[in-house]
Every structure is written in structure tokens, then in C-alpha cells.
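# pasted the sequence and its predicted model underneath.
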Amino acid sequence: MTHAELVKRLLAEQDLKYRDFHASLLPNIDKKTIIGVRVPTMRKIAKEFAASATPADLGKFLDKLPHKYFEENQVHLFAVERIKDFDECLYRIEQFLPYIDNWAVCDGKSPKALLKDEVRFLEHIQAWLQSKHPYTVRFGVNMLMNFFLDERFDQRFLKWVAAIDENLFDDDSTGAAQSQKQAALVNATRPTDRYYVQMVIAWYMATALAKQWDATFPYIKGRKLSSWIHAKTIQKACESYRITQEQKEILRGLK
């Protein structure tokens, strides 16, 4: 399968109603760049593409950046996920990170080949968390959340996430650092870069409370996060079925 054949295949799977729905979840990218293909279908196509494309055709696709369509970006990372060599997988991720421009492409990816060298993987995650590109930061937090909150957990990872400088990212058009009510009054339909960084930090911390309560709770009790992230972390944790009712009562008392 060539790049042109890949795009043709994606267009053949277009669902206009789904495109309209999904576009509403991605207000910061042009709707014209969204074909409207569901994630399971994209994963299937990516698997077929990675299996059938020649190494040269796959390489040309991965090198041809930026892509035109949102779905090409999704297939790109889905294909990279399937790379088994650590160095090649890392190279392809680093090559692509600057081109990520939305949360959907950033989230839900599991490049397991990078676990073959956890030390180097963590070195790169730490560098991603210090990036000035919001979706590189978000990707880094996602990697810690996906791979390093269970048996690979270390308390230093909480420090890394808590130390992310959210002030590097603009929030003028949404008031994302304000209360939810205030943000909605400004422009809730077009959240900005800062919002997406803040949200992934809160999401990580809420998940960490569920999986590593004793290590994470001091960040809430000691109010070590910004007020917006603190409140959102508590909200997300209280919505989680993995947090006990007793823990939720404690968290609600710290709003």
C-alpha cells in the first residue's frame, strides 16, 4: 500500500456524521482536514498499511510531513506504535512530535518498543516535559501515565509532572486558568494550548491518586499544583470509580 492508496482507503471509510461530531471535539483544527474515520477503522488500516507497504513506501509516508489530513496523523502514530526497534521508534516519534496540533493525535498511543530501554525512554520523557511545544509536553505526560504509574512507578515522576511550567503556554482567548464558569464565558469552544497542558496534568494526577494514593495525595493536601489544576484533579478523581468514597470525601474537603 502506497501513501496515495492509504489516503484513498481513508476517504473510502468516511462517515460524515462522525466527522461533524469529531470536529466539534477538535475546535482548534480546520474541519476540512478531518475526513471522518472512526478510531478502530484507522487502527485496522494502519496495521494493514504497516504490513503491506514496502519499507521505502512506509519511510516516505513517515518522512512526508506535515500531512494533509487528521487521519493521516493518526495512522502515522499508529504505524509508529508497531515499530519494534527502540532506536527507530524513538527517532520516528521525535520526528513527528513537532507536527502534533491536537489532543486526539497526542493521546491513546502506546509505543511499547520504547520500554526496551527504560532509562533512555525516561530521559526523553523528561526532555519532552520541558518542551515549549504543548503537545510534546502532553505526549510526555501521557507516556508517564500509560507506562509508569504501576510497577514502574517512581515518586520522581510526580515531581516531573508537577514542575511543568504551564505559564509557557498561552491562554488569553479562553481564560483556561480561570474557573470553569469564567472560561465558559470567554470562549469555551476554542480551548488553547495552556488548557490542553493543564488538563493532561490534572488527568495524570487524578490517575496517580487512583494508583499511587500515598505518594500523590501530599501534592493535593499541600496544594503544590496551580489552583486550576488542583481543582480539576479533585474533580477528575471524584469522578473515578477507582477512588474510594472515603478518599473522595477527603478530596472534596480540599477543594
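Perfect, thanks for sending it. Numbering: from 1, shown residues only.

# need the contact list for the residue nearest the centre of the chain.
Centrality entry for the chain: nearest residue to the mean C-alpha point is Asp107, 3.1 Å, by Cα atoms, centre = their mean. Asp107 is in contact with Arg138, Asn142, counting by Cβ atoms under 8 Å, 6 or more residues apart in numbering. All C-beta spots, glycine's among them, are computed from the backbone N, C-alpha and C.

# same thing but at 6 Å, please
By Cβ atoms under 6 Å, 6 or more residues apart in numbering, Asp107 lies in contact with Asn142.

# kindly export stretch 140-157 (C-alpha atoms) in CSV.
The C-alpha coordinates for stretch 140-157 follow below in CSV (Å, rounded to 0.1, in the frame of the first residue of the first chain):
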residue,chain,number,x,y,z
GLY,A,140,5.4,13.1,27.6
VAL,A,141,2.8,13.2,30.4
ASN,A,142,0.8,10.5,28.5
MET,A,143,3.8,8.3,28.4
LEU,A,144,4.3,8.5,32.1
MET,A,145,0.6,7.9,32.7
ASN,A,146,0.5,4.9,30.3
PHE,A,147,3.7,3.2,31.2
PHE,A,148,4.9,4.4,34.6
LEU,A,149,2.1,4.5,37.1
ASP,A,150,2.1,0.8,38.0
GLU,A,151,5.0,-1.5,38.6
ARG,A,152,7.5,1.0,37.0
PHE,A,153,6.3,3.9,39.2
ASP,A,154,8.8,6.2,40.9
GLN,A,155,7.9,9.2,43.0
ARG,A,156,10.2,11.4,41.0
PHE,A,157,7.7,11.2,38.1
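
# what does it rub up against?
Outside stretch 140-157, the residues within contact range by Cβ under 6 Å, 6+ apart are Asp107, Ser110, Ile125, Trp128, Leu129, Val161, Val200, Tyr204, Thr207, Lys211, Gln212, Ala215.

# check the burial of the third one by counting its neighbours.
Here the count is done by other Cβ atoms under 10 Å, and Ile125 has 21 residues near it.

# list the contacts of it.
Gly140, Met143.

# now do the buried residues in the one helix or strand it maps to.
Ile125 belongs to helix 118-129 when assigned by DSSP states H and E. Neighbour counts over helix 118-129 (16 or more other Cβ atoms under 10 Å) mark Phe121, Leu122, His124, Ile125, Trp128, Leu129 as buried.

# cool, and stretch 49-62?
Neighbour counts over stretch 49-62 (16+ other Cβ under 10 Å) mark Phe49, Ala50, Ala53, Asp57, Leu58, Phe61, Leu62 as buried.

# now those in TSV, with secondary structure and distance to His76?
As requested, the buried residues of stretch 49-62 are exported to TSV (DSSP: H, G, I helix; E, B strand; the rest coil; distance: Cβ to Cβ, whole Å):
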residue	secondary structure	distance to His76
Phe49	helix	10
Ala50	helix	11
Ala53	coil	12
Asp57	helix	13
Leu58	helix	10
Phe61	helix	7
Leu62	helix	7
